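Asker: Sequence and computational prediction follow.
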Amino acid sequence: MALWVFGYGSLLWNPGFEVAEEAHAILPDYHRSFCMRSIHHRGTEDEPGLVLALDEQPGALCEGLALRAAEGREDVTLAYLRERELISSAYLEKMLHVDLRDGRRVEAVTYVIDPHHVQYCGGLPLEEQADIISRAIGGRGPNTEYLYNTASHLDALGIPDAELHWLQDRVRQLSDNRLA
């Protein structure tokens, strides 16, 4: 049986596993937002950054990519994803239906935020998000890099995200002001 994974953030530009097929996909009832404090990859426990997560919101739609793992690599892929995505248990692993642009509907492994986890921070004002992202650095590098890579890959895929573009512009302004 095929293993599909829904990518909406860093999985778009750094899946970390062998992808046999990718397709534009829409996940209903979830919204992509910077609603998870990052204490490992893009921040620290003392200075958390922010990373994208899927926050459940009835009626919302999140556009991203469905990534099919290479045949015979399903178990290895799932083990890799669990090690990467479940590092702090802020994400919940769910099997959710996504609609592919070509009309297919597939079930995909999807990592969504646990709204009861201490790292959940849904509803932060965009200005506060921008300030945090402009300063935070974690084990995988600056939080700005995560934002810029995700925004540029969404653009390349033709996937609009007004909040991410606003954040990208504002974070650049804040970063430039700090250098001046």
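Answerer: Perfect, I can see it now.

Asker: wait, isn't Asp55 in contact with Asp29?
Answerer: No: the criterion here is C-beta atoms under 8 Å, and Asp55 misses it with Asp29 at 10.2 Å. To be clear about C-beta, it is placed using only N, CA and C from the backbone, and glycine gets the same treatment.

Asker: And the helices in the protein?
Answerer: With DSSP state H as the criterion, the chain has helices at 10-13, 74-85, 126-135, 143-157, 162-179.

Asker: which stretch among these comes nearest Phe34?
Answerer: helix 126-135 (4.9 Å; C-beta to C-beta).

Asker: helices or strands up against that closest one?
Answerer: Applying 3 or more C-beta pairs under 8 Å, 6 or more residues apart in numbering; DSSP states H and E, one finds that helix 126-135 contacts strand 49-69, helix 143-157, helix 162-179.

Asker: which of these is buried the deepest?
Answerer: Mean neighbour count (mean count of other C-beta atoms under 10 Å) peaks for strand 49-69 among the helices and strands packed on helix 126-135, with a mean of 21.

Asker: Partner strands of it and their direction?
Answerer: Strand pairing for strand 49-69, determined by DSSP bridges: strand 4-7 (antiparallel), strand 19-38 (antiparallel).

Asker: How much space separates Val118 from Ser88?
Answerer: Separation of Val118 from Ser88 (C-beta to C-beta, to the nearest Å) stands at 9 Å.
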